[in-house]
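sequence first, then the predicted structure:
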Amino acid sequence: MIASATGGSAEEVQLAKDSAAAFLAESLPENIFGAPKAGPGMWASLLRCLNPLDGLTLHLVRFPQNEAAHALTLVRFANRPGELFLVVALVRRLILSPRSCSGGCLRTYRVWNNGEHLEFAHETTVEDFPAALCAYQGRLLVGVGNRLRLYDMGRKKLLKKCENKHIPNLITGIYAIGNRIIATDVQESAHWIRYRPQSDNQLVIFADDGNPRWITHLTILDASTVAVSDKFGNISVLRLPNGVIDDVEEDPSGNRALWDRGFLGGANQKVDVLCHFYVGEVVTSLQKATLIPGGSEGIVYSTLSGGLGMLVPFASRDAYDFFQHLELHMRSEGLSLVGREHVHYRSQHFPCRNVIDGDLCEIYNSLDPVKQRTTAEEMDKVPSDIAKRLEDMRTRFAF
């Protein structure tokens, strides 16, 4: 507008400037037009302590411009046992695609009165994207780019004790169970790590996954088993093999060489894939939970479009065989609206393994009575028995 008026009189130029200033100063309601979008590398972030009962803000910390908070965790350091600290990981001028940043920092706060007040302790500068934090045995695990670091509490900053540089791309999540550490990579699945403090103060990868998975979330099922989801809509259950070696402190016989020999470009030990299933949407969260009092545990997942689902274990081999046969009969009905074969759909990226499609089995209740009786006779059942088994599976876990 101003450029087009430069050839006019002084009054026209001033009018154009006033119109442009009024246009820029106009405040549009965000509930109608939305919030203004920031440019590349521009961020605004804050830390808010909330009372979950009444929703009141107890403490508010605004971070500097273009610093984005991406992870936080509570830590009780071994050298400061009487105090609780909150560590926040911030990244400066982050550009998501292609990924780049100007480094980051770890801001440490002392927690007072159960979170009612935060006292700033110190700031630790890191050279790459700190995307994940986890408390571990009185210390702090930090994923800085593709490096896994172990920090301890210091007087003026966090003190780096050791690091592992063998994660391929970017550490997106860190989980600890006992002495084991699980680090997830942005596109190379999960890595199992053991910290050796007595011998040489190292973080060593002793097992990983042989399949590339762009993991979005991980939940721990037990000491050797995890469930993971990836950005392409798959859910998998991974387990360490029974004979896995994760503790080699002394090396009188040369067994310690197992830590150093890789296999197919990764760790020398690989995890087993117990289950695999294609959901069809990007899974954003996984959680092992019990939805009804006294019910059995299952894996609850949420998707990017707002869907909720649940993976439940079978209590007996007989129940698994029953639903497997019912699934085979439902597949033979050819109920897909687009004519796609069901087993190919559920095996979009990897073959479907040890998972029964409950959505497909429940279509049995919507079949016409003639098809219900035919299917029940082929399974040596009656329609009411099949409907009852489907209802029992629901009520035992979620409904």
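Ah, there it is.

now for Trp112, how many residues are close by?
Per other Cβ atoms under 10 Å, the neighbour tally for Trp112 reads 13. Any C-beta I mention is one placed from the backbone N, CA and C, and that applies to glycine too.

check His117 too.
Counted with other Cβ under 10 Å, His117 comes out at 13.

just Gly39 next, same as before
Using other Cβ under 10 Å, Gly39 has 6 neighbouring residues.

where does it land in three-state SS?
coil (DSSP: H, G, I helix; E, B strand; the rest coil).

quick check on it: phi, psi?
phi -80, psi 180 (degrees, to the nearest 10).

pLDDT score for it?
At Gly39, the pLDDT value in this model is 82.

what residues does Ala132 make contact with?
Ala71, Ala89, Leu141, Val142, Gly143, Ile171, Thr172, Gly173, Ile174, Ala183, Thr184 (Cβ atoms under 8 Å, 6 or more residues apart in numbering).

setting aside sequence neighbours, what's the nearest residue to the fifth one?
Spatially, and ignoring its direct neighbours in sequence, Gly143 is nearest to Ile171 (2.9 Å; Cβ to Cβ, 6 or more residues apart in numbering).

for the third one, same thing?
When the adjacent residues along the chain are set aside, Leu141 lies closest to Cys134, with 4.4 Å between them (Cβ to Cβ, 6+ apart).

name the SS class of that neighbour, please.
Assignment for Cys134 (three-state DSSP): strand.

tell me who's in contact with it.
Contacts of Cys134 (Cβ under 8 Å, 6+ apart): Thr73, Leu140, Leu141, Ile174, Tyr175, Ala176, Ile181.

quick one on the thing from earlier: just the contacts of Ala132: which are in strands?
Ala71, Ala89, Leu141, Val142, Gly143, Ile171, Thr172, Gly173, Ile174, Ala183, Thr184 (DSSP state E).

confirm that Ile205 sits in a strand.
Yes. Counting by three-state DSSP, Ile205 is found in a strand.

my guess is it contacts Ala190, does it?
No. Applying Cβ atoms under 8 Å, one finds Ile205 not in contact with Ala190, separated by 10.4 Å.

host element of Ala78?
If you go by DSSP states H and E, Ala78 is not part of any helix or strand.

what number of residues lie near it?
11.

the nearest residue to it once chain neighbours are set aside and Ile177: what is the separation?
Counting by Cβ to Cβ, 6+ apart, Ala78 lies nearest to Gly138, which is 2.8 Å off, once chain neighbours are set aside. Distance from Gly138 to Ile177, counting by Cβ to Cβ, to the nearest Å: 16 Å.

that older thread, need the buried ones from the contacts of Cys134 selected in PyMOL.
PyMOL command restricting the contacts of Cys134 to the buried ones, with burial defined by 16 or more other Cβ atoms under 10 Å:
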select buried, resi 73+140+141+174+175+176+181
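
ok, so of the contacts of Cys134, who is nearest His166?
Ile181 (13.1 Å; Cβ to Cβ).

so which strand or helix has that closest one?
Going by DSSP H and E, Ile181 is part of strand 180-185.

what does Leu328 give?
helix 317-332.

mean confidence for that helix?
Averaged across helix 317-332, pLDDT comes to 92.

and the contacts of whatever helix or strand comes next after it?
Once the chain leaves helix 317-332, the next helix or strand it forms, by DSSP H and E, is helix 342-346. The contact list for helix 342-346, computed with Cβ under 8 Å, 6+ apart, reads Phe277, Tyr278, Gly280, Met330, Arg331, Ser336, Cys352, Val355, Asp357, Leu360.

out of those residues, which two sit at the greatest distance?
Ser336 and Val355 (18.2 Å).

neighbour count: those two, which is higher?
Val355 (17 against 12).

for that one, grab phi and psi.
Per-residue torsions, Val355: phi -130, psi 130 (degrees, to the nearest 10).

what does Pro98 give?
Per-residue torsions, Pro98: phi -70, psi 150 (degrees, to the nearest 10).

and if you look at Cys101?
phi -160, psi 170.

just checking, Thr73 touches Tyr136?
No. Contact criterion Cβ under 8 Å: Thr73 and Tyr136 do not qualify, at 10.0 Å.

those strands in the stretch 51-200 of the chain, which residues are they?
For the stretch 51-200 of the chain, the strands defined by DSSP state E, counting those that start in this stretch occupy 57-62, 67-75, 85-92, 104-112, 117-126, 130-136, 139-144, 147-152, 159-164, 171-177, 180-185, 190-196.

can you pull the buried residues of the third one?
Of the residues in strand 85-92, those scored as buried under the neighbour-count criterion (16+ other Cβ under 10 Å) are Phe85, Leu86, Val87, Val88, Ala89, Leu90, Val91, Arg92.

strands paired with it, and their directions?
Applying DSSP bridges, strand 85-92 is found paired with strand 67-75 (antiparallel), strand 104-112 (antiparallel).

state the mean pLDDT of the last one.
This means strand 104-112. The pLDDT scores in strand 104-112 average 95.
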